[in-house]
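Chemist: sequence and predicted structure are below.
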Amino acid sequence: MRKWILLLAVFLAACTTKPSFTSENVYVGTDGVSLAFTKNSPPAEVFENSIFPVGIEIWNKGAYNVEEGYALVNLDQDYMEPGEFTGSTSIFPSDASKLDFQLMGKSEISQQGDRDTIGLTVLTKPIDILSEKHTSTVSVMACYRYQTFASPNVCIDTDPFGIRENKKSCTVSDIPLTGGQGAPVAVTKVEVKMLPSKSQDKVVSQFRIYVKNMGNGQVVDASKVADACSSEGLTKSDINSVSVSAQLSNGIVLDCIPKREGNGGLEGYLRLKGEDYVLCNYEEGVPMELGTFKTTLNIALDYGYMHSISKDVTIRKSAVI
Amino acid sequence: MEQKRVFLGVLVIVSLLIIGCSGSKGNQPTAVEFRTGSSGLDVTFPSGTPQQIFENDIDVRIPIQVENKGAFPQFDELSEFTGFLWVGGYDPNILQASFEQGDIRKQLDPEELEGRSSFNQQGGVVLESLILSVGDLPLGTAVYEPTLIFYLTYLYKSIASVPVCIDPEPRSINVKDKVCSLTDFRKIYSVAPQGGPVGITNVEEIITSNQIIFKFDLQNFGTGQVIARDLVSSNPNEGFDWRDLNRVQIEDVRLGDRSVDKCKPDLGEEVELFQGIGHFQCTLSVASIASAQAYTTPLTVTLTYGYAQSQFRNIKILEAIEI
């Protein structure tokens, strides 16, 4: 009898739990590429004149595919020198501590994003004769080109003053965007305004797009990513530089200001200071005959990003026998 | 035993007679009052109407039901009816929406949407199909959620028939029985809605020494907008000029079978509604009344107008997974 009850309970449980397939929006979160040392790599203590591994996990937790990424391992050159990368090949033979990487971001198929683990062998040098130990820092810096895509649904009202009577399917309003879009630099708010056009049968739509660095790294110019992870260094104008482009509906490119100096295109340009904004207009105007409707505002931010992790390693003097 | 049989037989016959007689009363035809209610045409969505489709879906059919809950047109008024169903509220660059023949407008068939009548107490119903096709969603767009707006624009007619008291000698000092009378030479008649979104609400009758004055109050009972009759075929998504709104034509006012002498605004002209309410008045000379006796007769008012009514429907368009 008990067996039958048990079987029935299992059967009911199986029937009530229906398999479900849910579609997850991957354009959320404020993570980009994350770095982490693997367990005990590097170890907390090593001996002089020895070898130890540095294991680095690079994980693309954002929604953009990294095609140009660099990882640079910084060592205290007086006490350590890099050996070889294991599991990967440096494209810089003269700079054995730097390599490049490409990692796919989150997608509907891979909702976690791609990750890779690389290893670098490090050789310790002798410490001072009079010292029993010396503490050095091993740091890893990642520099990569990234993009943020935000596509809020906005309301276009071709009769903003209500001169003509009709029912409207949406109301023009500002749109707060919380939680990020799957990248460290995020669009935080979009302010929408409808302005009269010079031609009486159209309305100009204007969007104020607010951008903020939500991650704990540094924003750099997208074209300076390789320099960021090298001895070349960056100039002041390379820091906090973000290009902003916006499209309304399916392919209507908006004109954004401010612009990069010397750039005559429609793209906007930001020197991020906390939260900053660009102003984008559709100057040609939306025809009034389209009435009031919702559409997508497709915003793309193009930038480079760099951040680092570090760990202290204590080098002990070898026992003299 | 024999007596019992006789008794049972008589009982059965009497029961049959009673059932037969009571059943016959139920077969008497009854008059149906169909010019009631304050609705005209209405849009509804049958259960199971999809509210979620995917990127690159082609020719998805959305059923839309249009019902006529009012009393116009009757079978002899079909040629006077014009109506259209429209769709809007979406971005045409992302979503293509149309009815059959690829238009955002569908002309309604008056035969299918005949008004409520003695023969059809429900009113006509027609099922239309909206065809949706979605292209590629812009990069980075996981979901696009437009609110579709379905508009009905149609020409409508409301007919109010109010029994009023006509007393050709209201100030007579002769004593006689009257079938009806007006206290202090005036009377107010409340009128129920007449099977349309616009109708008469009150009629005030005033009898002077030489005139009978009828003052009418009319109202937009519905949730839609009264529009100019010639705008019924115009795209409501573009909006209407406020000067073209809230105008109802006084088509006819009759006392019994004769027309009133004059009205203000006149017959054929328009009354303007203010905050959904309008007024007009008509007069009839006492001298033209043939009878010397007081009597009740129907006062029939026919109003024609254009009407625009809308219904919203949310729809979600999701990004397709590409493998």
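Modeler: Good, I have the coordinates.
Chemist: my read: B:Arg254 touches B:Leu284, true?
Modeler: No - applying Cβ atoms under 8 Å, one finds B:Arg254 not in contact with B:Leu284, separated by 10.1 Å. Every C-beta, even on glycine, is put in place using the N, C-alpha and C of the backbone.
Chemist: overlap in contacts, these two.
Modeler: Counting by Cβ atoms under 8 Å, 6 or more residues apart in numbering or on different chains, the residues touching both B:Arg254 and B:Leu284 are B:Val260.
Chemist: mind checking which of these two has more residues around it?
Modeler: Comparing B:Arg254 with B:Leu284 by other Cβ atoms under 10 Å in any protein chain shown, the one with more neighbours is B:Leu284, at 21 against 16.
Chemist: so which strand or helix has that one?
Modeler: strand B:277-285 (DSSP states H and E).
Chemist: can you pull the buried residues of that strand?
Modeler: By neighbour count on 16 or more other Cβ atoms under 10 Å in any protein chain shown, the buried set for strand B:277-285 is B:Gly278, B:Phe280, B:Gln281, B:Cys282, B:Thr283, B:Leu284.
Chemist: what's next to that strand, contact-wise?
Modeler: Residues external to strand B:277-285 that are found in contact with it (Cβ under 8 Å, 6+ apart): B:210-220, B:246, B:248, B:250, B:253, B:255, B:260-265, B:271-272.
Chemist: now do that strand: distance to the chain's middle.
Modeler: 22 Å (Cα atoms, centre = their mean, to the nearest Å).
Chemist: so for it, mean pLDDT?
Modeler: For strand B:277-285, the mean per-residue pLDDT is 94.
Chemist: how about the residues of the stretch 151-300 of chain A near chain B?
Modeler: Contact residues, the stretch 151-300 of chain A versus chain B (Cβ under 8 Å from any Cβ of the partner chain): A:151, A:153, A:156, A:159, A:163-170, A:181, A:247, A:249-252, A:288-296, A:298-300.
Chemist: buried ones among these?
Modeler: Counted by 16+ other Cβ under 10 Å, these give A:151, A:153, A:156, A:159, A:164-170, A:181, A:247, A:249-250, A:252, A:288, A:290-296, A:298-300 as buried.
Chemist: which secondary element of the chain has the worst mean pLDDT?
Modeler: Let's take chain A. helix A:2-16 (a mean of 58; mean pLDDT, DSSP states H and E).
Chemist: can I get the strand holding B:Leu284 in PDB? Just the C-alpha atoms.
Modeler: Written as PDB, here are the backbone C-alpha positions of strand B:277-285 (Å, rounded to 0.1, in the frame of the first residue of the first chain):
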ATOM      1  CA  ILE B 277     -24.600  68.400 -23.800                       C
ATOM      2  CA  GLY B 278     -26.600  70.400 -26.300                       C
ATOM      3  CA  HIS B 279     -30.000  72.200 -26.600                       C
ATOM      4  CA  PHE B 280     -32.400  73.200 -29.300                       C
ATOM      5  CA  GLN B 281     -36.000  74.100 -29.500                       C
ATOM      6  CA  CYS B 282     -38.900  73.800 -32.000                       C
ATOM      7  CA  THR B 283     -42.300  75.500 -32.200                       C
ATOM      8  CA  LEU B 284     -45.700  74.500 -33.600                       C
ATOM      9  CA  SER B 285     -48.700  76.900 -33.900                       C
END
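Chemist: pLDDT weak spots in the stretch 151-300 of chain B?
Modeler: Low-confidence segments of the stretch 151-300 of chain B (pLDDT under 70): B:175-176.
Chemist: contact partners for the residue in it that chain A sits nearest to?
Modeler: Residue of the stretch 151-300 of chain B nearest chain A, by Cβ to the nearest Cβ: B:Gly239 (2.8 Å). Neighbour list for B:Gly239: A:Asp159, A:Ile163, A:Arg164, A:Glu165, A:Asn166, A:Met288, A:Gly291 [criterion: Cβ under 8 Å, 6+ apart].
Chemist: let's see 7 Å
Modeler: A:Asp159, A:Arg164, A:Glu165, A:Asn166 (Cβ atoms under 7 Å, 6 or more residues apart in numbering or on different chains).
Chemist: what's it sitting at in phi/psi?
Modeler: Reported as degrees, to the nearest 10, the phi and psi values for B:Gly239 are phi 90, psi 160.
Chemist: any idea how far A:Thr292 is from the residue nearest to it when sequence neighbours are not counted?
Modeler: Take B:Gly239 and drop its neighbours on the chain: the residue closest to it by Cβ to Cβ, 6 or more residues apart in numbering or on different chains is A:Arg164, 2.8 Å away. Distance, A:Arg164 to A:Thr292, by Cβ to Cβ, to the nearest Å: 10 Å.
Chemist: likewise for A:Ile257?
Modeler: Relative to A:Thr292, and taking Cβ to Cβ, A:Ile257 is found at 27 Å.
Chemist: so which residues on the stretch 51-200 of chain B come close to chain A?
Modeler: Taking Cβ under 7 Å from any Cβ of the partner chain as the contact definition, the stretch 51-200 of chain B meets chain A at B:88-91, B:93-94, B:135, B:138-142, B:144-147, B:149.
Chemist: please redo it, this time with the cut-off set to 6 Å
Modeler: Contact residues, the stretch 51-200 of chain B versus chain A (Cβ under 6 Å from any Cβ of the partner chain): B:88-91, B:93-94, B:138, B:140-142, B:144-147, B:149.
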